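Enquirer: only the shape, not the letters, is given here:
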């Protein structure tokens, strides 16, 4: 999308960055980029809004469960 009418996610929205195949939560924007942070926290990254899509409720739940499982494995 190259016009000014395309969709932009709001702060707090969970999205999939298709360019990096990562899931994150929107924390803001800087210039033409949307700033994302992993759902469980961590280092943020900049994403092109043209490569973002909203997560379905099932995708969000799956991503949160995957993060929780990864954290539980690290504690051992």
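Expert: Perfect, thanks for sending it. Please read these numbers as outputs of a predicted model, since none were measured by experiment.

Enquirer: any idea which element the residue nearest the centre of the chain lies in?
Expert: Nearest residue to the geometric centre of the chain (C-alpha atoms, centre = their mean): residue 24, 2.1 Å. Applying DSSP states H and E as the criterion places residue 24 in strand 22-30.

Enquirer: can you name the residues in contact with the lowest-mean-pLDDT helix or strand in the chain?
Expert: Using mean pLDDT, DSSP states H and E, helix 57-74 stands out as the lowest-scoring helix or strand of the chain, at a mean of 92. Contact with helix 57-74 is made by 14, 16, 23, 38-40, 55, as judged by C-beta atoms under 8 Å, 6 or more residues apart in numbering. All C-beta atoms are positioned from the backbone trio N, CA, C, and that covers glycine.

Enquirer: most widely separated two among those?
Expert: Spatially, the most separated pair among the contacts of helix 57-74 is 16 and 40, at 15.4 Å (C-beta to C-beta).

Enquirer: who has more neighbours, these two?
Expert: Between residue 16 and residue 40, counting by other C-beta atoms under 10 Å, residue 16 is the more crowded of the two (21 against 13).
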